[in-house]
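kindly generate the corresponding structure for this input.
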Amino acid sequence: MTGNTRSCCETPDVTGDASARKVMFIGNPNCGKSTLFNRLCNLHVRTGNYSGVTVARHTGRYSDSIQMVDLPGIYSLSTASAEELIARDELLNEHCDLLVDIVDATSLERSLYLTLELRLLGLPMVLLLNMWDETEREGIQIDAAALEKELGIRVIPISATRGDGLREFREYLEHGEWLPSAPFCPGKSELSAALTELRSAVSPEFQNQSCFWSMSALLGDGVPEKCFQDPETANVVAKYRTLLASGSESGSVYEAVAAERYGFISDFIARHVRVIAHRKTLTQRIDSVVLNRFCSPIIFIAVMFLVYFVSVTWLGSIVTDWTNDELFGEMIIPWTSEMMEKLEFSELTTSLVSDGIIGGVGAVLGFVPQMLILFLMLSLLEECGYMTRAAFFLDRLFNSFGLSGRAFIPYIIGSGCGVPALMTVRTLPTESERRVTLFTATMIPCSAKLPVIVLFASAIFTDYPWFPVAVYLAAVAIIIISALIMQKFQTFKTSPAPMLLEMPLYHIPSPRVVFLTVYQRVRAFIKKAGTIILACSLLIWTLSSLGYTGEDGIHTVSDPDESILADVAGPVSAVFAPLGFDDYRATVATVSGMSAKEVIVSTLSVFAGAEEDAMDSEDDEVVTGLYERVRNNIFHIDEMGTAGILAALSFVLFNLFTVPCIAAVGTMHREIGGGRLFWYAIAYQLGFSYAFAFIVYQISMMLAGYGFTFFTGLAMALTAAILWLMFRKGPSQSAEIPFVMVSR
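The predicted structure follows:
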């Protein structure tokens with residue numbers, strides 16, 4: 001077996017022998033489909049406990065002769081969502097040598113509905129009863145041989161997480177016969193007669209899926225124009241639709257067909273499935289507390305506080321402080337400078353390497369330990385099943401403010417990276433929902449913004465351990481405010497959409513999945529440090545080390561305040577004066593952060609290092625430590641006190657919620673489709689983040705006793721305008737659509 005570990009944002013290389021057989025994986029969301037795909041192809045496609053995580057097909061190689069395709073998780077082949085449309089098109093329009101249907105063995109009544117739909121395709125097919133280990137723990141006994149006999153396809157019990165049963169499945173892949181299966185459809189004589197008559201009328205080019213297209217015609221799902229060439233077929237379809245609908249209480253053909261399918265499933269479960277244990281499971285006992293209407297928000301805030309306290313304030317801070325101050329500050333940078341001096345490199349070259357390259361990139365890499373701890377804890381929460389419960393709580397919160405609960409998926413993915421979060425927005429059902437979410441998805445602090453949060457939490461807000469959690473809660477508040485404002489305009493008016501969410505069983509996370517998740521996120525962060533951050537650090541150092549005068553032209557300077565960068569950024573800094581940070585270095589960090597948010601840290605580090613060199617050469621007053629230099633050399637906290645802290649807070653708020661990095665902006669342009677709406681999104685993010693930081697800074701300054709100024713009055717007027725936009729009457733009001741939850 002061959003393959004390379006890749007992230008979810010990369011497309012695996014599947015080039016090779018064109019004669020390779022194609023195996024397609026399909027199943028419900030959270031059935032373990034992507035976990036199995038990752039294990040067999042040695043890849044790492046992102047998995048999650050909610051639908052919409054996989055929004056496109058993923059390909060990989062099991063061997064030189066077998067190519068595998070992981071389709072989005074779906075509940076039905078009806079084209080009601082983007083995921084179902086992708087899966088349906090792939091199955092009907094692409095060649096498939098073997099269809100692998102992965103079923104959650106603990107939820108057969110729900111899972112087998114899709115299986116019965118797939119059996120209409122007549123493809124070579126194998127059914128995998130996943131989570132077989134969970135059935136044993138829950139006291140569920142399934143007669144797999146009986147299911148194999150009744151469906152007419154191979155059935156193999158497995159556990160994708162533990163690897164149980166995979167040897168038998170591999171044996172089938174490598175040596176089994178992949179023979180087309182006869183289309184299978186349970187139902188009364190009316191349904192069987194309808195399919196038999198319609199299949200004979202299907203055009204030759206559609207004969208391979210004649211049973212599927214006949215059923216689609218009966219259900220009214222839509223069929224290709226050339227599927228039925230006989231004009232009389234329409235009358236036959238109408239006749240059988242009327243006949244089937246008459247047997248349904250609601251007069252719906254869908255309900256009649258669904259009743260036949262669920263009747264077959266219920267009959268099989270009654271005859272071949274035994275449940276030994278009837279007591280409450282551990283999952284049910286935990287959920288009685290975790291999903292409680294009053295306890296869920298308290299538990300969610302407590303869990304998030306614990307995660308960020310451990311990773312940012314306590315354990316992570318200890319490791320990162322040592323990395324920044326000891327490893328880079330007192331070992332690597334001094335050793336590098338000393339070695340270069342011994343080798344008689346020029347002072348300028350030594351400064352370039354120590355302050356520009358190591359100081360800039362090293363300041364960002366110093367946060368890797370904290371990010372590793374944070375990603376580990378978040379991955380454990382997601383894999384054990386808690387994050388799905390958080391989705392349930394946040395869905396209710398979002399719906400109460402008129403925001404789609406399905407938007408939770410882009411937001412939770414956005415905590416890792418804004419690019420896949422924006423791509424996931426395409427799964428939302430309506431255009432207005434997609435627009436609102438595209439405008440706000442990148443306001444959730446991603447992993448690139450984490451070093452900024454950590455830097456300021458450790459350097460300035462050391463007395464406020466709740467600061468990291470408060471930032472994320474502020475992001476949620478901003479998204480809610482934005483949604484309320486946008487819905488007052490017809491372009492963004494939307495109604496809360498129902499979110500079908502499956503609650504997985506609580507289980508011990510797979511070490512392999514957790515390791516790969518953390519590895520991929522940290523790897524992507526380090527890769528960016530070696531490319532974009534390195535280039536930006538070198539550019540910032542160069543421009544801060546060179547000055548220009550009419551007499552001397554371009555020349556080196558020891559004081560960054562006399563550099564070209566200070567001359568260019570100084571006038572622009574006046575724009576940020578109402579926000580409290582009019583220092584040109586803060587302006588440069590803000591602008592450079594548009595390329596990648598981690599660059600903010602490297603830029604401040606380069607300036608702090610250059611400032612230290614200047615102080616060392618002139619006054620011999622060296623302020624050691626990155627945190628201390630940022631605190632006093634750039635934001636002057638000890639000198640300005642509360643005003644400096646509020647300025648730093650304003651700096652953080654603006655940079656976290658403003659326009660994202662270049663990669664995310666490009667993705668946003670592609671998903672929105674360009675045009676005026678894209679520029680509206682950029683203008684909104686810039687304007688709202690500026691207004692939010694302005695209001696927080698000015699009103700906080702007044703409350704801190706610095707007096708009432710013109711800008712304070714302007715901030716109050718701006719606050720009133722935002723409140724009016726939030727609560728004014730919109731173009732139309734719509735009723736809330738309740739949350740739909742599928743429990744085990």
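
isn't residue 333 right next to residue 354, touching?
Yes: using C-beta atoms under 8 Å, residue 333 is in contact with residue 354, at 5.0 Å. The way it works is simple: take the backbone N, C-alpha and C, and place the C-beta from them, glycine included.

okay, those two: which has more neighbours?
Taking other C-beta atoms under 10 Å, residue 333 and residue 354 do not tie; residue 354 has more neighbours (22 against 18).

correct me, but that one touches residue 336?
Yes: with contact defined as C-beta under 8 Å, residue 354 reaches residue 336; the gap is 5.3 Å.

for residue 554, give me phi and psi.
phi -80, psi 130 (degrees, to the nearest 10).

how far away is it from residue 541?
Using C-beta to C-beta, to the nearest Å, we find residue 554 at a distance of 15 Å from residue 541.

out of these two, which sits in the more crowded spot?
Applying other C-beta under 10 Å to residue 554 and residue 541 shows that residue 541 carries more neighbours, namely 26 against 9.

part of a helix, is the more buried one?
Yes: when DSSP: H, G, I helix; E, B strand; the rest coil is applied, residue 541 is found to be in a helix.

report pLDDT for it.
Predicted confidence (pLDDT) for residue 541: 73.

and it, how far from residue 350?
Taking C-beta to C-beta, one finds residue 541 at 12 Å from residue 350.

residues contacting the residue lying closest to residue 296 once chain neighbours are set aside?
Closest residue to residue 296 apart from its sequence neighbours, by C-beta to C-beta, 6 or more residues apart in numbering: residue 393 at 4.3 Å. Counting by C-beta atoms under 8 Å, 6 or more residues apart in numbering, residue 393 touches 291, 296-297, 300.

which among those residues end up buried?
Neighbour counting with 16 or more other C-beta atoms under 10 Å marks 291, 296, 300 as buried within the contacts of residue 393.

distance of residue 253 relative to residue 242?
For residue 253, the distance to residue 242 - C-beta to C-beta - is 9 Å.

out of these two, which sits in the busier spot?
residue 253 (19 against 11).

quick check: phi and psi on that one?
The phi/psi pair for residue 253 (degrees, to the nearest 10) is phi -70, psi -40.

next one: residue 127
Per degrees, to the nearest 10, the backbone of residue 127 is at phi -110, psi 130.

go on, the one 4 residues further on?
Residue 131 has phi and psi values of phi 60, psi 40 when expressed as degrees, to the nearest 10.

now do residue 136
phi -70, psi -40.

show residues contacting the strand or helix carrying residue 723.
Here residue 723, judged by DSSP states H and E, is contained in helix 710-727. The contact list for helix 710-727 (C-beta under 8 Å, 6+ apart) reads 481, 484-485, 488, 578, 691, 694-695, 697-699, 701-702.

ok, the residue most central in space within the chain to residue 468 distance?
The residue lying closest to the centre of the chain (C-alpha atoms, centre = their mean) is residue 413, at 1.5 Å. Counting by C-beta to C-beta, the gap from residue 413 to residue 468 is 19 Å.

list the contacts for the residue of the chain positioned farthest from its centre?
Centroid-distance maximum for the chain: residue 551 at 54.4 Å, with C-alpha atoms, centre = their mean. Residue 551 is in contact with no residue at all, counting by C-beta under 8 Å, 6+ apart.

could you look up the SS state of it?
Classified using three-state DSSP, residue 551 is coil.

okay, it: pLDDT?
For residue 551, pLDDT reads 70.

what is the neighbour count of residue 90?
Neighbours of residue 90 under the rule other C-beta under 10 Å: 16.

check for me that residue 29 belongs to a strand.
No: under the criterion used here (three-state DSSP), residue 29 is coil, not part of a strand.

next one: phi and psi at it?
Phi and psi for residue 29, reported as degrees, to the nearest 10, are phi -60, psi 140.

might one say that it is in contact with residue 73?
Yes: with contact defined as C-beta under 8 Å, residue 29 reaches residue 73; the gap is 3.5 Å.

neighbour-wise, which of these two wins?
Between residue 29 and residue 73, counted using other C-beta under 10 Å, the more crowded position is residue 73 (28 against 25).

you'd agree the more buried one is in a strand?
No: using three-state DSSP, the secondary structure at residue 73 is coil, not a strand.

separation between it and residue 358?
As defined by C-beta to C-beta, residue 73 lies at a distance of 45 Å from residue 358.

what of residue 372?
In terms of C-beta to C-beta, residue 372 sits 21 Å off from residue 358.

swap in residue 332?
Using C-beta to C-beta, residue 332 is found at 6 Å from residue 358.

please say which of those two ends up with more neighbours.
Higher neighbour count among residue 332 and residue 358: residue 358, with 21 against 16, using other C-beta under 10 Å.

which residue is the nearest non-sequential neighbour of that one?
Using C-beta to C-beta, 6+ apart, the nearest residue to residue 358 is residue 333, at 5.5 Å.

quick one, strands of this structure?
For the chain, applying DSSP state E gives strands covering 21-27, 58-63, 66-70, 98-104, 125-130, 140-142, 154-157, 273-275, 500-502, 546-549, 553-556, 740-742.

distance to residue 388 added to the ones you listed, as JSON lines?
As requested, the strands of the chain are exported to JSON lines (distance: least, C-beta to C-beta, whole Å):
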{"stretch": "strand 21-27", "distance to residue 388": "17"}
{"stretch": "strand 58-63", "distance to residue 388": "21"}
{"stretch": "strand 66-70", "distance to residue 388": "20"}
{"stretch": "strand 98-104", "distance to residue 388": "14"}
{"stretch": "strand 125-130", "distance to residue 388": "17"}
{"stretch": "strand 140-142", "distance to residue 388": "21"}
{"stretch": "strand 154-157", "distance to residue 388": "25"}
{"stretch": "strand 273-275", "distance to residue 388": "24"}
{"stretch": "strand 500-502", "distance to residue 388": "7"}
{"stretch": "strand 546-549", "distance to residue 388": "54"}
{"stretch": "strand 553-556", "distance to residue 388": "57"}
{"stretch": "strand 740-742", "distance to residue 388": "10"}
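
wait, which of those strands is closest to residue 304?
strand 500-502 (19.4 Å; C-beta to C-beta).

mean confidence for the closest one?
Mean predicted confidence for strand 500-502 is 63.
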